[in-house]
Each structure stands twice: as C-alpha cells, then as structure tokens.
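1. For reference, the sequence and a predicted model appear below.
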Amino acid sequence: MTDAVPGPLLIGLEGLELTARERDWLAHPAVGGVVLFTRNYAGIEQLEALNAAIRETAAAPMLICVDHEGGRVQRFHDGFTRLPPLALLGRMYADAPDTAADFAYRHARVMATELLVAGVDFSFAPVLDLDIESCVIGDRSFGADPEAVTALAGHYLAGLHDSGMKACGKHFPGHGSVVADSHVDDVIDPRPMAAIEAADMKPFEALLPALDSLMMAHVIYPDVDERPAGYSTKWVKDILRGRLNYGGVVFSDDLGMHAAGFAGDIADRLAMTLAAGCDAALVCHPDEVAELMPKLGDVAPCPALGRLAGRVSVTRAELGTVSEWRHWQQSLAQLEHSQWA
C-alpha cells in the first residue's frame, strides 16, 4: 500500500473473499472505502481475513464500513451481540428516560467495539430520522418526538466516540415523514421548509457538533429544490455547509437505489452527487461498481475519509475478561424479551 490519498467512492463486494476484479477496483485511486453486507460475512475469522486483504490490496488507506444499526439492519449476526432496534429504546425512554439513555450508550458502545476489534472502521449510524410514517425507517428510528430522538442519540454518540468509532447521522434532512421507500420508489416530501425545520431537522441541528459525518436522503423536498437532497447544492452547500456551518464528512446514500436514478446512469449519479458537495458516494452493488469503474476518469481524492478511521483500543481477548462488558452484551441481547419489545 502506498501513501496515496483515497478517492471518494465506497464500493460493495461480492462475497466472502476478494475476487480478481475487486482487487483491481481497490487499486483504483477513486476508491476510498468498502461497504460490507451480510453476503460478505460467514464468521469473525473470515471477516478479519477479508478486512486484512482489503487493506493489503488497496492503493490507499481504506475506510471499511457497514450498516450495523441493530434490529432488522444488522449485517453480522453469529459471533456478534444481537442488538435491539432503536425504537425499543425510544419506547423505554417514555417510561424510564435515564435507563433508556444508559442503554443507548451501551448499544453504541457494544456495536462499535465489536466491529472495531474485527477490523471494521465505521458503521453508518445512528438513524436520526423521525418515525412518522416511512415504511423503510420505522423501528430503525428512536421515535417520533424530536426531543427524545435528540436525547437518546446524544448518549448513543457518546458510546460510539468512547469506543473509538466515528458517527454518521442519517438521512439528512429527514426521511421519516413520507411513506415511500427510496430503495424502490421515488420519494417526495411536499411539506414547506418551515415544517421540515420544525421537526425532522431538529435532531440533526442539535447534534451537528458531535456528528463526524452525515448521509444525505434520496428524497426530493420541492419547497427547497427539485433535486433529491444528495444531488442538491441548495441542501448540501447552501443549507448544510453554509447556513448550518457543518464541517464534517457528507456521504451520499447508495447510488444504486431507485430514487438515485433521478440523475441518470451510475456515472451521472456519481458526478451529480459530488458536484452537489458530497465528499463521498456509495455504490453498493458489485455489478454497478463494474459498470462505473471504466467511466470514472479523473476523480479528485477525498482526504476527509481519513478522519473517519476507527481507533481500536482493546482486543477481543481483553474484552472477554471484563465483567461489565459481558453484562452489557447480555443486557442488550435480553431487551428483545422486555416489556418494551
């Protein structure tokens, strides 16, 4: 591996080991990271070997990422703690806010530590969307109340940072108040900007100083722009960077999603999201990566990705000797049988 600065593209891989074409992709200067999925996991030793191979093969330092929120969005299972959905913590908060805050911290601490010791830098978490009526957000959210979401997410962020992992709030400026799923549909939130600011944006704005990165929503807010937020200079440059003075890393959501098709083919999507001001873009399906790679041309490096690298402060063997850690793991796994489940 050289001292080259990574590029802005985060790619998905096919399976449990690197293929020949994936080794070529990782050598491309446009590639700055990898997004892992359940298809890339068969056990902890295999995951560690895959992560080591990624780093050994890449032309520049790689950010190895995953969506590991808990509940129905937890990519790795056997060998990892079963994490409850964030909505369970939101329900707990209504009855016992201090207990819920403690569990939000534990949730993030356990999730982040288990990933870091396995060689994964970063989870795209937490979800800061409100659980209003979205069919895809739902129990991935802490709840519908912006103040409760902000409170719980604040403790969650502390757990991440104390573990050595950076945070990613998603999906800015909010995906939870419209029914459609951007994975499979176009999503339009017709509300005026004032309504979005009064509810969905509240957790993001309150937590911006602690959010190392943000992921943009593939949602059109026509009161602001005809383009989805991740393709919109108004949202990224004018509002997020300008008015809100946000200095963290900005990701697009996966450019293979249906709603991302607004911009055209996969190369057009990458060009539009980078032009809008996003620092890095996700292309998670290997076939779309294969389509994109010959079309990349010159892509500017993305030194901002380096700020998101994980910091490992403990080994797996050391974790096994800490009684408090075992208690945290057991308490989280048992929440699915609690009164709030």
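-> Great, that's in hand.
2. what's the pLDDT at D298?
-> Turning to D298, the model gives it a pLDDT of 81.
3. On the three-state scheme, it is what?
-> coil (DSSP: H, G, I helix; E, B strand; the rest coil).
4. Relative to P29, how far out is it?
-> Computed with CB to CB, to the nearest Å, the distance linking D298 and P29 is 9 Å. Any C-beta I mention is one placed from the backbone N, CA and C, and that applies to glycine too.
5. shared neighbours of the two, which are they?
-> Residues touching both D298 and P29 (CB atoms under 8 Å, 6 or more residues apart in numbering): none.
6. the more surrounded of these two?
-> Taking other CB atoms under 10 Å, D298 and P29 do not tie; P29 has more neighbours (18 against 6).
7. residues contacting that one?
-> By CB under 8 Å, 6+ apart, the neighbours of P29 are 4, 6-7, 59-60, 299, 301.
8. Check which helix or strand it maps to.
-> Per DSSP states H and E, P29 falls between elements, in no helix or strand.
9. Return the distance of it relative to T99.
-> 48 Å.
10. Can you tell me how far V312 is from G256?
-> For V312 relative to G256 (CB to CB), the value is 30 Å.
11. ignore the last one, P209
-> 32 Å.
12. Could you find the closest non-adjacent residue to the residue nearest the centre of the chain?
-> Geometric centre of the chain, nearest residue: F124, 1.6 Å, by CA atoms, centre = their mean. Computed as CB to CB, 6 or more residues apart in numbering, the closest residue to F124 that is not its neighbour in sequence is C168, at 4.7 Å.
13. Around that neighbour, how many other residues sit close by?
-> Quick note: C168 (other CB under 10 Å) scores 26 neighbours.
14. shouldn't it be in contact with A210?
-> No - with contact defined as CB atoms under 8 Å, C168 does not count as touching A210 (11.4 Å).
15. Which stretches in the stretch 151-300 of the chain count as helices?
-> Counting by DSSP state H, counting those that start in this stretch, the stretch 151-300 of the chain has helices at residues 193-198, 201-207, 233, 266-276, 286-292.
16. related to what we said a few turns ago, can you pull the pLDDT of the residue nearest to the centre of the chain?
-> 98.
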